[in-house]
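>>> Take a look and give me a structure for this.
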Amino acid sequence: MRVKIAIAAVLLVLVSLFAVQNSQVVEIRLLMWTVEISRALLIYLMLVIGIVIGWFMRAIWRLSRNARQQ
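So this is what the prediction gives:
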């Protein structure tokens with residue numbers, strides 16, 4: 001468990017360094033909407049979305065595994 005926490009901490013530091021070095025404002029277009037946000041915020045947002053998707057996929061995997069075992 002400590003190894004996972006250490007790896008997560010290192011990855012968080014690397015993402016933070018990458019985001020800070022890419023702080024320019026970018027324009028995001030989706031269909032008819034346009035939003036200007038900093039690239040660092042976009043990087044963090046994509047990281048959070050990836051983590052949430054990973055948690056959901058793991059939960060679905062566990063539920064299906066438990067259903068097969070019963």
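
>>> Leu17 versus the residue nearest the centre of the chain, what's the distance?
Centroid-nearest residue in the chain: Leu47, 2.0 Å away (criterion: CA atoms, centre = their mean). Separation of Leu47 from Leu17 (CB to CB, to the nearest Å): 13 Å. For every residue, glycine as well, the C-beta is placed using N, CA and C.

>>> Any idea how far the biggest helix by length in the chain is from the middle of the chain?
If you go by DSSP state H, the chain has its longest helix at helix 39-69. The chain centroid and the centroid of helix 39-69 are separated by 9 Å under CA atoms, centre = their mean, to the nearest Å.

>>> What of stretch 35-42?
For stretch 35-42 - counting by CA atoms, centre = their mean - the centre lies 15 Å from the chain centre.

>>> which residues touch that stretch?
Ala19, Val20, Asn22, Ser23, Gln24, Val25, Val26, Glu27, Ile28 (CB atoms under 8 Å, 6 or more residues apart in numbering).

>>> quick one: which of the residues you listed sit in helices?
Ala19, Val20.

>>> For the contacts of stretch 35-42, pick the one with the most neighbours.
Ala19 (17 neighbours; other CB atoms under 10 Å).

>>> Not counting residues beside it along the chain, what's closest to that residue?
Leaving aside its sequence neighbours, Ala19 sits nearest to Ala40 (CB to CB, 6 or more residues apart in numbering; 3.8 Å).

>>> mind checking how far Val15 is from Phe56?
20 Å.

>>> Show the model's pLDDT score for the closest residue to the residue nearest to the centre of the chain other than its chain neighbours.
Closest residue to Leu47 apart from its sequence neighbours, by CB to CB, 6+ apart: Val15 at 5.8 Å. For Val15, the pLDDT comes out at 82.

>>> Having no further points to raise, I will conclude here.
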